[in-house]
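[1] mind looking at a prediction? Sequence and model below.
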Amino acid sequence: MTGAAQQSVTEQLLAVVGDHSPVPTAWTKLAGQAFADTAAVLVAGSSDPAVEAVVATVEESTGTSRSIATGASMPARSASLVDGTSAHALDYDDVDDSVIAHLSAVLVPALLSAGVGPDVSGAALVESYRCGVVVDRKLAAELGIRNHYDAGWHSSSTIGTIGAAAAVSRLWRLPADRSRHALGIAASLAAGTRQNFGSMTKPLHAGLAASNGVFAAQLARSGLTSDSDALGGTLGFVALHRGDDVDADTLSAPTNAAALNVKRFPCCYYTHSAIEAALEVFARGQDAGRIDSVSIAVQPGCLAPLVHPRPNDGSQAKFSMPYVIAAALLDGHIDLDSFTDGSVRRTGVKQLMTKVSVRESESPPLGAPATGGPFAVVSVRYRDGSCIARRVDRPAGHASRPLTDDQLFDKFVDCTSSADPGSARQTYLALRDLANQPSTRQLVDRLCLLSSPRSKELT
């Protein structure tokens, strides 16, 4: 390997933090989309029990920042902790394939909370967001993300902590030496196990990553130092987290693509192709009561996060392929109401789940060979011997199949339904036009107005 591949990973990431080249138009558009989508799911998640539990631990009542989930003033670390948890509480936030992680649920709360104190512009948020995404991707490539993820690490939290520290360092224009220490400090704060998927701790991972990223930058700004190569050293982050057989090709994988996967359904992204296929089966009008069996085939690695084949509540159901397919075939839709505890415990859905079998397959059992990316084939056999099978390669919302502007706005409206419609629309348009907004503080104040009535009572 030559060039950047010979360079320490710390030096590679510092080069991204210190890159002041103009932000391409595609990244400006992506950042506006990411902030709007993340703000929407953050507001929608603000009444989640996981968020309530985190809010109950926040002792500070004043600070230079504000939590969007609660509307309360508090220090930046606390605001990013609460809002990061809220942004990930519903598992409705965007996903990046190259990191196998939820990048915006960490970066957006961290940047909004860190940007209020110095009251930076929307343009600064855009370039700092891009910095965080690229750092996340470069670090994921260096680790060999599939091995890291398969080992049990939750990359949204591990890699996300370091990406957030990089993004905030860029936002605050920290000198190179202090940015180096921010990354090094973040390396010691990064953690998160996939064993907690389907529990209230999973969304906490995003909150901790956002908060610890801000904390690392704060410490470095205050003069706390770290080892000069805490990421790439012999005992550094990469050495501890890297797999044994990293594919050399991943080290040269593109990291600057202005694209993310936006979720159409509020559950684990690895279920989305299958849900879409099941909804196509439902559209054929067959009675779900006549179903004899359901067979699902997905790409290798897809089942790793789906750890709850027989969920007991809504949180577990988000990581259950049998549940989401049974619900899709019964109801003809998957939405926020699909993941209430009552919906999950219905007799009909429990009975249908027992008829669902899931397997991984190197190639799709229907149609042409896979072209890369997520695929799912859902085959439904009925009691009369008939069968309907549908295949979906990359679900709607994938970077290669982006949602339309109308679909993105509809999701925003649905997530902020308790807010005044006019205010919601104005805030949405401001976020989509992020680069031209003069003040982070004004943006946060507008977003706080969208919070649910329950959240406002906490102030």
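    Looks like it arrived, so ask away.

[2] for Ala257, what are its contacts?
    Residues counted as contacts of Ala257 (CB atoms under 8 Å, 6 or more residues apart in numbering) are Ala399. Where C-beta positions appear, they are placed from N, C-alpha and C, glycine not excepted.

[3] check the gap between it and Thr371 for me.
    17 Å (CB to CB, to the nearest Å).

[4] same check on Leu111?
    For Leu111, the distance to Thr371 - CB to CB - is 35 Å.

[5] cool, Val95 as well?
    19 Å.

[6] look at Gly289 and say how many residues are nearby.
    11 (other CB atoms under 10 Å).

[7] which SS class is it?
    Following DSSP: H, G, I helix; E, B strand; the rest coil, we place Gly289 in the helix state.

[8] how far away is it from Lys355?
    Here Gly289 is placed at a distance of 11 Å from Lys355 (CB to CB).

[9] okay, Leu111 and Thr371: which has more neighbours?
    Shown here are Leu111 and Thr371; by other CB under 10 Å, Leu111 has more neighbours (31 against 10).

[10] got a pLDDT number for that one?
    Predicted confidence (pLDDT) for Leu111: 98.

[11] and if you look at Leu251?
    Leu251 carries a pLDDT value of 47.

[12] likewise Glu59?
    83.

[13] the stretch 51-200 of the chain: helices as residue ranges?
    Residue ranges of the helices in the stretch 51-200 of the chain, as given by DSSP state H, counting those that start in this stretch, are 76-88, 104-116, 122-143, 145-150, 155-171, 176-189.

[14] would TSV of the ones you listed with distance to Arg221 be doable?
    Output for those, formatted as TSV (distance: least, CB to CB, whole Å):
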stretch	distance to Arg221
helix 76-88	12
helix 104-116	10
helix 122-143	15
helix 145-150	29
helix 155-171	8
helix 176-189	6
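
[15] could you tell me the least trusted of those helices?
    By mean pLDDT, the lowest-scoring of those turns out to be helix 145-150, with a mean of 92.

[16] how far does that one sit from its chain's centre?
    The chain centroid and the centroid of helix 145-150 are separated by 17 Å under CA atoms, centre = their mean, to the nearest Å.

[17] on that earlier part again, so for Asp37, which of the helices of the stretch 51-200 of the chain sits nearest?
    Among those, helix 104-116 comes nearest to Asp37, with 7.0 Å by CB to CB.

[18] angle of the closest one against helix 155-171?
    Using axes from the mean of the first three to the mean of the last three CA atoms, to 10 degrees, the direction of helix 104-116 lies 30 degrees away from that of helix 155-171.

[19] I'd like the numbering to begin with 33 instead of 1 from here.
    OK, 33 is where the count begins now, so the last one is helix 136-148.

[20] the inter-axis angle of helix 136-148 versus helix 108-120?
    Counting by the same axes, to 10 degrees, helix 136-148 lies at 150 degrees to helix 108-120.

[21] packing partners of helix 136-148?
    Other helices and strands packing on helix 136-148, by 3 or more CB pairs under 8 Å, 6 or more residues apart in numbering; DSSP states H and E, are helix 57-76, strand 97-98, helix 108-120, helix 154-175, helix 187-203, helix 233-253, helix 472-480.

[22] list the contacts for the residue lying farthest from the centre of the chain?
    Ranking residues of the chain by C-alpha distance from their mean position (CA atoms, centre = their mean) puts Asp416 at the top, at 42.1 Å. Going by CB under 8 Å, 6+ apart, Asp416 touches Arg322.

[23] where's it relative to Val410, distance?
    In terms of CB to CB, Asp416 sits 19 Å off from Val410.

[24] with Ala223 instead?
    As judged by CB to CB, Ala223 and Val410 stand 36 Å apart.

[25] look at these two and report which has more neighbours.
    Between Ala223 and Val410, Val410 has the larger neighbour count (other CB under 10 Å), namely 29 against 14.

[26] with that, I have no additional questions.
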